[in-house]
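Asker: just a sequence and a predicted model for now, questions to come.
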Amino acid sequence: MTTTPELGDVVRDTSNKNRIGRVMGHEGPYYQLRPLNGGVEWDALPEHLVPAEQSDAMSAAVAEVNAHSRWGL
């Protein structure tokens with residue numbers, strides 16, 4: 001990522017199936033990301049983060065909502 005992610009930024013984690021998440025924190029070399037509609041955070045290295053496009057964020061949010069309604073997740 002050419003700029004340092006800030007808290008609240010929506011990013012794509014290229015090391016984790018291009019998963020989209022919101023930056024929740026930073027500890028050591030890792031950023032903590034959370035799915036856009038909530039859920040379990042995961043750690044990502046900054047070199048694997050790229051800014052998410054608006055369409056990426058919308059697709060991720062819709063997928064999360066669909067999973068919750070379909071599977072009760």
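Answerer: Great, that's in hand.
Asker: show me where pLDDT drops low in the chain?
Answerer: Scanning the chain for pLDDT under 70 picks out 1-2, 71-73.
Asker: against residue 27, how distant is the most centrally placed residue in it?
Answerer: What sits nearest the mean C-alpha location of the chain, by CA atoms, centre = their mean, is residue 21, with 1.1 Å. To residue 27, residue 21 is 15 Å away according to CB to CB, to the nearest Å. For every residue, glycine as well, the C-beta is placed using N, CA and C.
Asker: now the helices for this protein?
Answerer: Secondary structure of the chain (DSSP state H): helices located at 54-71.
Asker: tell me which stretches of the protein form strands.
Answerer: 10-13, 19-27, 30-34, 42-44, 49-51 (DSSP state E).
Asker: out of those strands, which gets nearest to residue 70?
Answerer: Evaluated with CB to CB, the strands of the chain place strand 19-27 nearest to residue 70, the distance being 18.5 Å.
Asker: mind checking how far that closest one is from the chain centre?
Answerer: Remark: strand 19-27 is offset 6 Å from the chain centroid, using CA atoms, centre = their mean, to the nearest Å.
Asker: return the set of buried residues in it.
Answerer: 19, 20, 21, 22, 23 (16 or more other CB atoms under 10 Å).
Asker: stretch 43-57 now?
Answerer: Buried residues in stretch 43-57, counted by 16+ other CB under 10 Å: 44, 49, 52, 56, 57.
Asker: and stretch 59-73, by the same measure?
Answerer: In stretch 59-73, counting by 16+ other CB under 10 Å, buried: 60, 64.
Asker: show residues contacting it.
Answerer: By CB atoms under 8 Å, 6 or more residues apart in numbering, the surrounding residues in contact with stretch 59-73 are 19, 20, 35, 36, 37, 39, 52.
Asker: which of the residues you listed sits closest to residue 9?
Answerer: Out of the contacts of stretch 59-73, the member with the shortest distance to residue 9 (by CB to CB) is residue 52, at 8.4 Å.
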